[in-house]
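K.L.:
my questions concern the predicted model and sequence given below.
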Amino acid sequence: MKVTVNGEPLELSEPANVAELVARSAESTKGVAVAVNTELVPKSTWAEHWLTDGDRIELLKAAQGG
Amino acid sequence: MPQPDPMIIAGEPFSSRLVMGTGGAPGLDVLERALIASGTQMTTVALRRLDPDAPGSVLDVIERAGSRVLPNTAGCFTAAEAVLTAKLARDAFETDWVKLEVIGDEDTLLPEVTELVDAAEQLVADGFVVLPYTTDDPVVARRLEGVGCAAVMPLGSPIGSGSGIRNPYNLAIIREQVSVPVILDAGIGTASDAALAMELGCDGVLLATAVTRAHDPALMATAMRHAVEAGRLAHLAGRIPRRLYARASTGFEGMPTLSPDPTGPEATRTYDDRPDL
């Protein structure tokens, strides 16, 4: 299964949910938000939201600016 | 010292009227010292792609400085992008407050006001407390208040330009025409700009670059804190009218005649009674 994470292609050999994907990149879920295919995936549903082929995922966190 | 009156936004009091941005700081340690020196109680952050290698957390810095987090939608060019960014920020930071920014072009970074009003309306309907960054146009400010924004945040001059307040008359009109708090956002270059905004009647000032890119950010943050407080007090105190000619603080009454000529000019001197400007 191929997905795109923050603009970079990622090959997943087995099914993964959003919670697992976040855990690969972030030490803590504090201040992290996720969009899949330009829709918010609320933190409370990360473990139940399974990724599908072609998904475009944005993993976001707080940054200086604005 | 008189107790400063709080700025109240959406029913919440802030004893500091200085809202801080975080862009432009050379490092998180510098930012932390500046935020603490500013005395701010509200600090805005952007939402960007997670970088696993980036050191430290801007959220921890803001927390240690004793400030609440105000997420922003910096970098959004359409209402749809801004609304989604606000929803992502609400999920990330567990706050329904948002500094709404919808930018029209990359050169001026001026607000795209039609998209801004559209996004504000959608976010208010979704329960957000919306603080929109807008132009210094009083008509747009009234529209934003009309769709339910909790404050309006007009610019003084373009973001990061440090050009101060280019149209003070518009700000004065906005302050008269809306009843929600008015926070001057963007363009502040130095302390006198922040003081002027407050003297004009603004309820608060939001700035970032003027502090973060100053030679000594913590020192400039201290200057800004004092400027905002001084400007607020001056506004409450009520300035004297401007005059073209002098008005003597000491009158001519009781002046002795010390000239050898008792009919000389001293005998006929009077107060200037020309009108104020």
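P.N.:
Looks like it came in fine. Because the structure is a prediction, the values reported are computed rather than measured.

K.L.:
who in the stretch 101-250 of chain B is up against chain A?
P.N.:
B:101, B:208 (C-beta under 8 Å from any C-beta of the partner chain). In short, each C-beta sits where N, CA and C put it, glycine included.

K.L.:
strands along the stretch 101-250 of chain B, start to end?
P.N.:
Ranges of strands in the stretch 101-250 of chain B, per DSSP state E, counting those that start in this stretch, are B:129-134, B:153-154, B:183-185, B:204-207.

K.L.:
below-threshold pLDDT in the stretch 1-150 of chain B: ranges please.
P.N.:
Where the stretch 1-150 of chain B drops to pLDDT under 70, the residues are B:1-4.

K.L.:
that one: helices as residue ranges?
P.N.:
Ranges of helices in the stretch 1-150 of chain B, per DSSP state H, counting those that start in this stretch, are B:28-38, B:58-64, B:79-93, B:113-125, B:138-146.

K.L.:
near chain B, which residues of chain A?
P.N.:
A:6-7, A:25-26, A:30-35, A:38-40, A:42-43, A:58-66.

K.L.:
which of those are buried, as a PyMOL select command?
P.N.:
Selecting only the buried entries of the residues of chain A next to chain B in PyMOL, with 16 or more other C-beta atoms under 10 Å in any protein chain shown as the criterion:
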select buried, chain A and resi 26+31+32+33+34+35+40+43+58+59+60+61+62+63+64+65+66
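
K.L.:
quick check: buried residues in stretch B:90-97?
P.N.:
Those would be B:90, B:91, B:92, B:93, B:96, B:97, for stretch B:90-97 by 16+ other C-beta under 10 Å.

K.L.:
got it, and stretch B:163-180?
P.N.:
For stretch B:163-180, the neighbour count (16+ other C-beta under 10 Å) marks B:164, B:165, B:170, B:171, B:172, B:173, B:174, B:175, B:178, B:180 as buried.

K.L.:
I'd like the distance between the residue lying closest to the second one once chain neighbours are set aside and chain A.
P.N.:
In space, not counting the residues next to it along the chain, residue B:165 is nearest to residue B:156; the distance is 4.0 Å by C-beta to C-beta, 6 or more residues apart in numbering or on different chains. In this structure, residue B:156 and chain A are separated by 16 Å, where distance is defined by C-beta to the nearest C-beta, to the nearest Å.

K.L.:
isn't residue B:156 up against residue B:197?
P.N.:
Yes: at 6.6 Å, residue B:156 and residue B:197 qualify as touching, with contact defined as C-beta atoms under 8 Å.

K.L.:
of the two, who's got more company?
P.N.:
Using other C-beta atoms under 10 Å in any protein chain shown, the more surrounded residue of residue B:156 and residue B:197 is residue B:197, with 33 against 29.

K.L.:
let me see the contact set for that one.
P.N.:
Applying C-beta atoms under 8 Å, 6 or more residues apart in numbering or on different chains to residue B:197 gives the contacts B:156, B:165, B:171, B:184, B:188, B:205, B:231.

K.L.:
what is the burial count for the fifth one?
P.N.:
Going back to what we said before, that points to residue B:188. Neighbourhood size, residue B:188 [other C-beta under 10 Å]: 30.

K.L.:
what of the fourth one?
P.N.:
Residue neighbour count, defined by other C-beta under 10 Å, stands at 29 for residue B:184.

K.L.:
these two touch, right, residue A:38 and residue B:84?
P.N.:
Yes: between residue A:38 and residue B:84 there is a contact at 6.5 Å, judged by C-beta under 8 Å.

K.L.:
quickly list what's touching both of these two.
P.N.:
Counting by C-beta under 8 Å, 6+ apart, residue A:38 and residue B:84 have no shared contacts at all.

K.L.:
now residue B:16: phi and psi?
P.N.:
phi -90, psi 130 (degrees, to the nearest 10).

K.L.:
swap that for residue A:33, sorry
P.N.:
For residue A:33, the backbone dihedrals (degrees, to the nearest 10) come out as phi -130, psi 150.

K.L.:
and if you look at the one 4 residues further on?
P.N.:
Backbone dihedrals for residue A:37, given as degrees, to the nearest 10, come out at phi 50, psi 50.

K.L.:
against residue B:169, how distant is it?
P.N.:
Counting by C-beta to C-beta, to the nearest Å, the gap from residue A:37 to residue B:169 is 47 Å.
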